[in-house]
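**Q** sharing a sequence plus its predicted fold:
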Amino acid sequence: MRSFKKAFSLIEVIFVIVILGIVASIASEIIVQVYENYLTQRAVFRVNYKTELAVNEIVNRLTYRIQGTTISKDHIAFKSGNPTPNDWLPIEDVPTAGTKYTTIEWIGYDNDTFSSDKIPNWSGVANYQNASISGFKTYGSDLNNSAKLISYLSNGKVDLTQNRPASVIFMHNENYYNGVDEYSPECMGMIPELNSSTDCIFPVYIDSNSSFKFTRTKDPHSNTLRPKIITERYKLAWSAYALVPEPKGDGLFDLYLYSNYQPWNGESYLDPNTTKNILIDNVSVFKFSENSGIIHFKLCIVERVSEENNISTCKEKVVIR
């Protein structure tokens, strides 16, 4: 007698297909949600990571700023080539509201060379008792090694020779460089577009492994004898720095770091041979202020997840010298 195997009926097959369709629909929604969550979490990680790197770079650079050099400029006015004395301010005088003063600029002392070895390559101590108008001794220094490192860092632009000097700023307790005039950005060449002088910042080159000589005795702008009160403490510098936001549309801008330019030689961050690197893109907020020598700044950036969704994060830091 022949036996028959029971097969699925058409209704049962249709029922199974419907169930599979529902399961597939739910599964696809779950997969889409998981993928969207992945994209969001990746964007959150990226935006936080990028912002933290940029903030740390800003803190590291500003930590080694030289007292009295930190200023803010109206970038648009200086870029146009027609700035006025009202287009820059010392950073402590920048108003908390407004959008005119958007940049931070300063001279940084050479911490890379100073701290690269167990014994500093330049001691920061001057023998002022035997000082003359032509130079000074700095015992305990290895200036030849300093020159090699600075030449490498500046891509050969500064090497402590007479034609490519670094500079020194003497740190006087009363903040006066000649007994009458105070240290200020104007006397450090920070505003060359307005013919600021270099009366209190001194270009130097190596005379021996432990002595500097000054490259000039007169200020190039005033053609007057440069006053030099050589004190026992000095800072060596080979570069100024500027943080400059540049618009890119949609209310966002890119933040650039300018470096490797020498105000004591009349150079500006807008010169074509200045090193310009993008620090972070898609910035929505870059604000800063200074109070009692402490700089506070806020940085916000935006990361696009899709055409309709963006991720934004903000970080605030203080910089204490």
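**A** All right, it came through fine. Numbering: from 1, shown residues only.
**Q** mind listing the helices for this structure?
**A** In the chain, the helices defined using DSSP state H lie at 10-63, 75-80, 111-114, 143-153.
**Q** worst mean pLDDT among those helices?
**A** Among these, helix 10-63 carries the lowest mean pLDDT, at a mean of 77.
**Q** got any ranges where the stretch 101-250 of the chain has weak pLDDT?
**A** Scanning the stretch 101-250 of the chain for pLDDT under 70 picks out 128-133, 173-174, 178-179, 218-230.
**Q** hmm, back to that, of the helices of the chain, which is nearest residue 268?
**A** Taking CB to CB, helix 75-80 is the member of the helices of the chain nearest to residue 268, at 7.7 Å. C-beta: built from backbone N, CA, C; applies to glycine.
**Q** pull out the buried residues from the closest one.
**A** Buried positions in helix 75-80, judged by neighbour count with 16 or more other CB atoms under 10 Å: 75, 77-78.
**Q** same deal with stretch 113-128?
**A** Those would be 113-114, 120-126, for stretch 113-128 by 16+ other CB under 10 Å.
**Q** list the contacts for residue 127?
**A** Counting by CB atoms under 8 Å, 6 or more residues apart in numbering, residue 127 touches 136-139.
**Q** hmm, try it at 7 Å
**A** 136-137, 139 (CB atoms under 7 Å, 6 or more residues apart in numbering).
**Q** can you check residue 185 too?
**A** Each residue near residue 185 by CB under 7 Å, 6+ apart is listed here: 68-69, 71, 90, 191.
**Q** mind doing that once more with 6 Å?
**A** 69, 71 (CB atoms under 6 Å, 6 or more residues apart in numbering).
**Q** could the helices of the chain be laid out in TSV, adding distance to residue 316?
**A** Compiled in TSV, the helices of the chain are given as follows (distance: least, CB to CB, whole Å):
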stretch	distance to residue 316
helix 10-63	9
helix 75-80	22
helix 111-114	24
helix 143-153	30
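**Q** okay, strands next: where are they in the stretch 101-250 of the chain?
**A** Using DSSP state E, counting those that start in this stretch, the strands found in the stretch 101-250 of the chain span residues 104-109, 127-132, 135-137, 166-170, 202-208, 211-214, 234-249.
**Q** nearest to residue 318, out of those strands?
**A** Nearest to residue 318, of those and by CB to CB, is strand 104-109 at 14.0 Å.
**Q** just checking, what packs against the closest one?
**A** Counting contacts by 3 or more CB pairs under 6 Å, 6 or more residues apart in numbering; DSSP states H and E, strand 104-109 is packed against strand 234-249.
**Q** let's see the strand it packs on as CSV, backbone CA atoms only.
**A** Extracted C-alpha coordinates of strand 234-249, given in CSV (Å, rounded to 0.1, in the frame of the first residue of the first chain):
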residue,chain,number,x,y,z
TYR,A,234,66.5,86.1,29.8
LYS,A,235,64.3,84.1,27.5
LEU,A,236,65.4,82.8,24.1
ALA,A,237,62.9,82.9,21.3
TRP,A,238,63.0,82.0,17.6
SER,A,239,59.3,82.2,16.6
ALA,A,240,56.0,84.1,17.1
TYR,A,241,52.7,82.3,16.8
ALA,A,242,49.2,83.2,15.8
LEU,A,243,45.8,81.4,16.0
VAL,A,244,43.6,82.7,13.2
PRO,A,245,40.0,81.6,12.4
GLU,A,246,39.2,81.8,8.7
PRO,A,247,35.6,81.5,7.5
LYS,A,248,34.6,78.6,5.3
GLY,A,249,30.8,79.2,5.0
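**Q** quick one: residue 276 from residue 270, how far?
**A** Using CB to CB, to the nearest Å, residue 276 is found at 10 Å from residue 270.
**Q** how about the buried residues of helix 75-80 in JSON lines, adding distance to residue 234?
**A** Below are the buried residues of helix 75-80 laid out as JSON lines (distance: CB to CB, whole Å):
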{"residue": "75", "distance to residue 234": "31"}
{"residue": "77", "distance to residue 234": "33"}
{"residue": "78", "distance to residue 234": "29"}
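**Q** what's the closest of these to residue 320?
**A** Taking CB to CB as the measure, residue 320 sits nearest to residue 75 out of the buried residues of helix 75-80, at 26.2 Å.
**Q** was I right about the closest one contacting residue 102?
**A** Yes. Assessed by CB atoms under 6 Å, residue 75 is found in contact with residue 102 at 5.3 Å.
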